[in-house]
Every structure is written in C-alpha cells, then in structure tokens.
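Student: Predicted model and sequence below, questions to follow.
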Amino acid sequence: MVRMRFHRRTVPLSPRKQARKDLLRITYASTLTAADEVEAEKDLASIIATSLRNNPDRSITGMLYYDRSNRGVVQVLEGPALMVRQLLEEVIYNDRRHEGCVVLDEASAVSRMFPDWGMALVRSAAGRNAELNSLKQPHAQRQVSFAKTSGGLPLAYARPRSADTEHMHLLRLQYRSRLLAEDVQTARDILAGVLESSVKHNSQMGIGGVLCLNPKTFGIVQILEGPAFAVTSTYRKILEDPRHTDVMLTCEEVLLDKHASVFDACWGMLQTETHQDTVSLMDLSSRVQRQWDSYFTSTSEIGVEQIKALPRIVVEHLIDEATGGTNLRASRQGSFVVA
C-alpha cells in the first residue's frame with residue numbers, strides 16, 4: 001500500500017491583505033481652523049467622539065495631543081497599514097476643521113504603543129509639560145523634538161494600560177446613553193438610585209464628576225474623573241447597568257497632572273438637568289473649565305485647593321451655566337448631590 005503524502009502549499013498574501021496585516025504608525029501635525037477657542041473645543045470633542053466610534057472597526061488606536069495656546073494638534077495613528085493610510089488620505093487630509101497637515105513620522109511597528117486607546121486625548125498646558133512644548137513649534141521643527149521623547153509621547157502613557165500603569169495618571173472619561181424610563185419622574189427615580197449607590201463609592205475611589213439628564217429625551221451625559229484604574233473599572237460596571245441603553249464612549253482624556261482636574265472627588269457626583277441634547281454636550285468638560293477660569297479670574301489663581309473650597313451654591317451655579325441648566329434649578333427637586 002502506497003501512502004500518499006500531501007504538502008500544504010503556502011499561498012503568499014495579496015498586497016491588500018498584507019497591508020491589512022502589517023502594523024503601521026503615523027504621526028502628523030496640523031492646526032485647528034476654528035475661529036475661537038470655544039469652536040475649537042467643539043471641533044476637538046467631535047473629532048475624539050468620531051474616532052472612538054469608528055476606530056475599533058478599523059483596528060486603529062492612538063492618541064491626540066492638543067495645545068490650547070495655539071490650537072496645534074499632533075496625532076498618532078497605529079493599526080493595519082491599509083486602514084491607517086486610508087484614514088489619513090481619505091478622511092484626515094480632507095477634514096476642513098484643520099489645516100497645514102504634515103506627516104512627522106511614518107514607520108512600521110512590531111507592537112502598538114496604545115493598544116487600549118481608541119483615541120485618547122491629551123491637552124497641554126502652556127509651559128507646563130516639556131513633552132508637549134513641541135506643539136508650539138513650526139511643523140519643520142516638531143519632528144526633531146518628537147524623536148527625542150519616544151515619538152513625542154510622554155513615556156508614562158506610551159505603553160499598554162494595566163492596574164499598575166493606570167494608577168500613574170488621572171483620567172477623565174465621558175459617555176452618553178439613554179435611560180430606560182417611561183416618564184420623567186421614573187427617570188429621576190432611576191438617577192436617585194444611581195447616585196445613592198455611586199456617590200459613596202466614587203468618593204472612596206477618588207472619582208468626581210457630573211451627570212446630566214435631559215428630561216425630554218431621557219438622554220444622559222456623564223463625566224467620570226479620577227485615577228485611571230478606578231475610572232475604567234467604574235465605566236465597565238456602567239456598561240453592564242440594565243437601567244440605560246445606547247451607551248457610547250465620547251472621550252477619554254489623560255490628565256498630565258492634578259492641576260488639570262475639573263471635578264474634585266470631594267463632591268462625589270454632581271447632577272443637573274438640561275434641555276440640551278447629548279451630542280451638543282460633547283465638549284462639557286471644556287465648558288466647565290471655562291466656568292472655573294472665568295470665576296477665578298476675578299478672585300485668585302485657579303488651583304485644586306481653591307476649587308475644593310468653593311461654596312456649594314457657587315459650584316451649583318457654575319455647573320448650571322456650563323450645561324445650560326440655569327432655568328432648571330427647581331425642577332431638579334434637590335437632586336444636586338455633594339458627598
């Protein structure tokens with residue numbers, strides 16, 4: 001009896017499939033074209049939210065650095081070569097929200113620097129972070145500066161997240177969803193239960209934030225801010241909560257130091273109501289930041305201790321101003337919470 005031996009033939013990947021398999025990292029710089037800082041923050045919020053929604057399907061991860069002083073942007077994209085090139089050439093180059101797009105670095109990669117970030121956001125404070133000072137330089141000079149710091153990335157953030165690394169920095173996370181309620185009173189009752197169970201937990205975990213309810217659509221926008229590991233573990237529980245649906249992550253922002261904090265954990269979880277839709281609130285954190293800046297301009301230099309010392313009525317007013325809820329104070333029925 002003759003045994004037949006079959007040899008498996010190795011078929012080379014087509015160029016298109018190989019491009020999908022190869023990992024590519026591209027870093028580019030540009031400048032937002034918005035007329036003022038308010039519009040720039042709205043554009044930035046929209047860019048991050050769109051990236052978080054679309055990048056998982058493309059298997060693209062990365063991080064975006066934004067300099068508020070000159071609206072400069074440096075973004076790192078990594079993923080399958082074909083997907084990254086298509087995103088850059090077909091979407092980013094044609095986006096009218098920025099101009100002067102210049103590729104600073106393009107290289108094949110063995111592994112990802114941001115495997116868990118759909119698109120993380122980092123804002124630079126003028127003169128505060130040496131790693132991001134290159135954002136203020138002309139495009140021609142940025143490549144040199146970025147090459148000196150792991151491609152321009154703060155080394156603490158340019159590696160996979162874990163329980164250890166997530167304790168190293170603060171994270172501000174924002175999402176939107178819709179409560180499963182039949183009427184506004186049911187919606188308020190749901191939120192009362194959420195706040196009762198979460199405020200104590202959040203304070204113990206060092207998490208602060210704000211939760212906004214639209215009483216007409218039952219839409220929810222919530223910001224969680226605190227140690228990254230605590231915030232991400234809390235968000236995982238939120239995803240499993242059956243009391244709401246259509247949960248969508250709209251921003252993950254790495255805070256380089258505690259001075260960038262907007263919501264202090266001593267407040268637990270602030271809550272307000274607004275008739276603004278969840279999409280228009282994508283820039284909520286920057287709105288709150290502008291309220292702090294405006295308030296402290298006439299009093300003292302803004303800082304964590306100054307924010308902690310704010311009277312409740314002042315915090316309540318500033319949050320209402322930021323969310324467009326100034327005329328909804330009575331309808332909240334005392335739902336504003338301070339831990």
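Tutor: Now that the structure is in, tell me what you want to look at.
Student: Leu22 and Leu211, how far apart?
Tutor: Rather than Leu, residue 22 is Asp. Distance of Asp22 to Leu211, computed by CB to CB, to the nearest Å: 43 Å. Quick note: C-beta positions are derived from backbone N, CA and C, even for glycine.
Student: And these two? Which one has more around it.
Tutor: Each of Asp22 and Leu211 has its neighbours counted (other CB atoms under 10 Å); Leu211 has more, 20 against 15.
Student: Is the more buried one in contact with Met269, as I believe?
Tutor: Yes: contact criterion CB atoms under 8 Å: Leu211 and Met269 qualify, at 5.8 Å.
Student: Now the common contact residues for the two.
Tutor: Taking CB atoms under 8 Å, 6 or more residues apart in numbering as the criterion, Leu211 and Met269 both touch Leu195.
Student: wait, what's in contact with Ile60?
Tutor: Counted by CB under 8 Å, 6+ apart, Ile60 has contacts 77-80, 83-84, 87, 118.
Student: any chance of those residues in TSV, plus neighbour count, secondary structure and pLDDT?
Tutor: Output for the contacts of Ile60, formatted as TSV (neighbours: other CB atoms under 10 Å; DSSP: H, G, I helix; E, B strand; the rest coil; pLDDT from 0 to 100):
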residue	neighbour count	secondary structure	pLDDT
Leu77	26	strand	96
Glu78	24	strand	96
Gly79	24	strand	96
Pro80	19	strand	96
Met83	19	helix	96
Val84	23	helix	97
Leu87	20	helix	96
Gly118	18	coil	89
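Student: Nearest to Ser261 among those residues?
Tutor: Distance to Ser261, by CB to CB, is smallest for Gly118 among these, at 22.7 Å.
Student: tally of neighbours for Leu239?
Tutor: Around Leu239 there are 11 other residues, counting by other CB under 10 Å.
Student: Tell me which stretches of the stretch 51-200 of the chain form helices.
Tutor: Per DSSP state H, counting those that start in this stretch, the stretch 51-200 of the chain carries helices over the ranges 81-86, 139-147, 163-166, 184-204.
Student: Lowest-scoring secondary structure element of the chain by mean pLDDT?
Tutor: Here the helix or strand of the chain ranked lowest by mean pLDDT, DSSP states H and E is helix 139-147, holding a mean of 40.
Student: Below-threshold pLDDT in the stretch 51-200 of the chain: ranges please.
Tutor: For the stretch 51-200 of the chain, the stretches flagged by pLDDT under 70 are 125-168.
Student: one more time with 50, if that's ok
Tutor: Scanning the stretch 51-200 of the chain for pLDDT under 50 picks out the ranges 126-167.
Student: quick one: the strands in it?
Tutor: For the stretch 51-200 of the chain, the strands defined by DSSP state E, counting those that start in this stretch cover 61-67, 72-80, 98-108, 120-124, 170-179.
Student: closest to Pro242 out of these?
Tutor: Among those, strand 170-179 sits nearest to Pro242 (CB to CB), with 11.0 Å.
Student: any idea of the angle that closest one forms with helix 184-204?
Tutor: With axes from the mean of the first three to the mean of the last three CA atoms, to 10 degrees as the basis, strand 170-179 and helix 184-204 are set at 160 degrees to each other.
Student: so what secondary structure elements neighbour strand 170-179?
Tutor: In terms of contacts (3 or more CB pairs under 8 Å, 6 or more residues apart in numbering; DSSP states H and E), strand 170-179 is packed against helix 184-204, strand 219-227, helix 228-239, strand 244-255, helix 284-297.
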